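J.: sequence and predicted model, in that order:
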Amino acid sequence: MTKPIVYIARQLPAIATQLLEGHAELRQHAGELPPTRQELLEGVKGCAGILSLLSDRIDAEVLDAAGPNLKVISNFAVGYNNIEIAEARNRQIAVGNTPDVLTDATADIAIALLLSVARRLKEGERAVRSGEWTTWEPLGWMGLELQGKTLGIVGMGRIGEAVARRMVGGWGMQLRYTARTTKPLVDAQLGGRHVPLAELLADSDFVSLHVPLSTETRHLIGAAEFELMKPTAVLVNTARGEIVDQEALEGALRTRRIFGAGLDVCTPEPLPTSDPLLKLDNCLVVPHIGSATLAARDAMAERAARNLLAGLAGSPLPFAV
Ligand SMILES: NC(=O)c1ccc[n+]([C@@H]2O[C@H](COP(=O)([O-])OP(=O)(O)OC[C@H]3O[C@@H](n4cnc5c(N)ncnc54)[C@H](O)[C@@H]3O)[C@@H](O)[C@H]2O)c1
Ligand SMILES: O=C(O)[C@H](O)CO
């Protein structure tokens, strides 16, 4: 019997191919960079499964290119804004993602960014390297403390809650959050308050973004929202770059409308080295490394492979979108 063909859009932790081998003919994109659009369209031809990454746009054109054999798209990420879900559903193509296993890793990065910006680690480290560090400065490198301050979580889902648990438990922070529905457990255990976004922005010393990217959340944080924030506020984004209007962010940081920002995600990715954000001392950008731990990436690879195998077998996906 001929095996179904699976297109794998990048080199992944070995567990992914180990699980798939024997069940499918693997057509894997080589190299560290994503497939070009043309390579993607060629690569998926005749496939029954696609293992995609967040940098691969999976839309009607790709589904057309794959053709009628396509049964499953398995995204190597929890976010799936790169996939046209409605288009896949119309064609009865199953879509899976990799939730939970990257929650802790991503929450840790959000807090690492928050602390780094609050305590100006980027400026400090640069001063050490450049020789600007000449003495212990009683008035130098002044930052912000976290203890007892107010944390605003925009999108109280898995990662939002993991950040809140760490920060309320570790730094006794007051908690405000936005969500589709009130979270009674978060309120009871962490003293959370479900509030409108405007109230969260006005009250919070630290704002951390954890909503998925959608038409509703694109540019959720723009010039009007920065106006509501405290001048001492820090914004952290580990969700998706497009949730923030980046031009407005650059303005808010340059004019010190807010204290600083820590970004694991931005627009575009990679951010061009000429981007004005990179000229600012109060902005720390890291290269989308929220889930970049060995444990998280291995577990994501396993979930992605299990989703593919289930989809190929016509079974419900263990981690379906
Ligand atoms: N930086 C990284 O490497 C990295 C890693 C993992 C996830 N992410 C991003 O983080 C996002 C969140 O992941 P998660 O596992 O916590 O997802 P999740 O689904 O558990 O949480 C998202 C929450 O946001 C809520 N929400 C949706 N739209 C909203 C809106 N308009 N206003 C308020 N709340 C809204 C949802 O109801 C949900 O509770 C992902 O979609 C992904 O884009 C990034
Ligand atoms: O959505 C996700 O999973 C991240 O952005 C990458 O791990």
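T.: Arrived safely, thanks for sending. Because the structure is a prediction, the values reported are computed rather than measured. Ligands and ions are numbered 1, 2, ... in the order given.
J.: so what are the sheet partners of the helix or strand where residue 25 lies and their directions?
T.: Take DSSP states H and E as the rule and residue 25 turns out to sit in strand 25-28. If you go by DSSP bridges, strand 25-28 pairs up with strand 5-8 (parallel).
J.: so after the strand it pairs with, what's the next helix or strand?
T.: Criterion used, DSSP H and E; the element after strand 5-8 is helix 14-20.
J.: those strands in the stretch 151-300 of the chain, which residues are they?
T.: Remark: strands assigned in the stretch 151-300 of the chain by DSSP state E, counting those that start in this stretch are 174-178, 192-194, 206-209, 234-237, 260-263, 283-285.
J.: mean pLDDT and mean neighbour count added to those strands, as JSON lines?
T.: Just so you know, the C-beta spots here come from the backbone N, C-alpha and C atoms, and that holds for glycine as well. Output for those, formatted as JSON lines (pLDDT from 0 to 100; neighbours: other C-beta atoms under 10 Å):
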{"stretch": "strand 174-178", "mean pLDDT": "98", "mean neighbour count": "23"}
{"stretch": "strand 192-194", "mean pLDDT": "98", "mean neighbour count": "20"}
{"stretch": "strand 206-209", "mean pLDDT": "99", "mean neighbour count": "27"}
{"stretch": "strand 234-237", "mean pLDDT": "99", "mean neighbour count": "28"}
{"stretch": "strand 260-263", "mean pLDDT": "99", "mean neighbour count": "26"}
{"stretch": "strand 283-285", "mean pLDDT": "98", "mean neighbour count": "23"}
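J.: next, see if stretch 105-114 gets close to ligand 2.
T.: No: shown here: stretch 105-114 not in contact with ligand 2 (C-beta under 6 Å from any ligand atom), separated by at least 7.1 Å.
J.: ok, so what distance separates residue 315 from ligand 1?
T.: According to C-beta to the nearest ligand atom, to the nearest Å, residue 315 stands 23 Å off from ligand 1.
J.: check the burial of that residue by counting its neighbours.
T.: Neighbour count of residue 315, defined by other C-beta atoms under 10 Å: 11.
J.: also residue 299?
T.: 19.
J.: contacts only, for it.
T.: 98, 101-102 (C-beta atoms under 8 Å, 6 or more residues apart in numbering).
J.: read off the pLDDT value for it.
T.: What the model reports for residue 299 is a pLDDT of 98.
J.: one more: the one 5 residues further on?
T.: According to the per-residue confidence, residue 304 scores 98 in pLDDT.
J.: helix/strand/coil for it?
T.: helix (DSSP: H, G, I helix; E, B strand; the rest coil).
J.: and stretch 313-321, which residues are buried?
T.: Counting neighbours by 16 or more other C-beta atoms under 10 Å, one finds that the buried residues in stretch 313-321 are 317, 319, 321.
J.: what do you get for stretch 132-151?
T.: For stretch 132-151, the neighbour count (16+ other C-beta under 10 Å) marks 143-144, 146, 149-151 as buried.
J.: tell me which of those is nearest to ligand 2?
T.: Nearest to ligand 2, judged by C-beta to the nearest ligand atom, of these is residue 151 at 21.4 Å.
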